[in-house]
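Asker: Can you look at this prediction? I've put the sequence above it.
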Amino acid sequence: MNTDRQPSPDVISAIEGIIRTIGRISPTDARFTTSVELFDSGYIESLGIVQLTAELEETFGVTFSEQDLFDPRFSTVIGIAYVVHDRRAALSNPPSG
């Protein structure tokens with residue numbers, strides 16, 4: 001996890017909103033938090049991951065690798081925010097070659 005800088009609250013909030021929309025999660029659902037396991041708790045199902053990935057890529061201007069999708073962090077809102085943060089950082093600082 002990239003710990004030199006944390007994802008902004010705006011990024012976390014946007015991800016939460018996307019997931020609430022895709023999963024049709026009520027704003028009053030007290031079980032839904034930024035650290036809940038999205039897949040194990042049934043908030044996002046297998047087809048929802050395709051929509052989630054597309055929405056995140058469009059919203060944040062990033063592209064996820066297969067490795068990103070299997071990253072253990074990609075199972076919670078906060079974890080996804082860190083993956084997005086890492087992808088955006090990689091775009092800003094491409095490896096020199």
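Answerer: That came in fine, so what should we check first?

Asker: can you map out the helices along this protein?
Answerer: Using DSSP state H, the helices found in the chain span residues 9-23, 46-60, 66-69, 77-92.

Asker: what stretches of the chain score poorly on pLDDT?
Answerer: Low-confidence segments of the chain (pLDDT under 70): 1-4, 94-97.

Asker: Go through the helices of the chain and pick out the most buried.
Answerer: Mean neighbours per residue, mean count of other C-beta atoms under 10 Å, is largest over the helices of the chain for helix 77-92, with a mean of 19. C-beta: built from backbone N, CA, C; applies to glycine.

Asker: helices or strands up against that helix?
Answerer: helix 9-23, helix 46-60 (3 or more C-beta pairs under 8 Å, 6 or more residues apart in numbering; DSSP states H and E).

Asker: Same list (these) but as JSON lines, adding distance to residue 89.
Answerer: Below are the helices and strands packed on helix 77-92 laid out as JSON lines (distance: least, C-beta to C-beta, whole Å):
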{"stretch": "helix 9-23", "distance to residue 89": "12"}
{"stretch": "helix 46-60", "distance to residue 89": "12"}
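
Asker: follow-up on the earlier one: using JSON lines, lay out the helices of the chain together with distance to residue 35.
Answerer: Below are the helices of the chain laid out as JSON lines (distance: least, C-beta to C-beta, whole Å):
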{"stretch": "helix 9-23", "distance to residue 35": "11"}
{"stretch": "helix 46-60", "distance to residue 35": "17"}
{"stretch": "helix 66-69", "distance to residue 35": "19"}
{"stretch": "helix 77-92", "distance to residue 35": "6"}
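
Asker: Alright, I will stop here.
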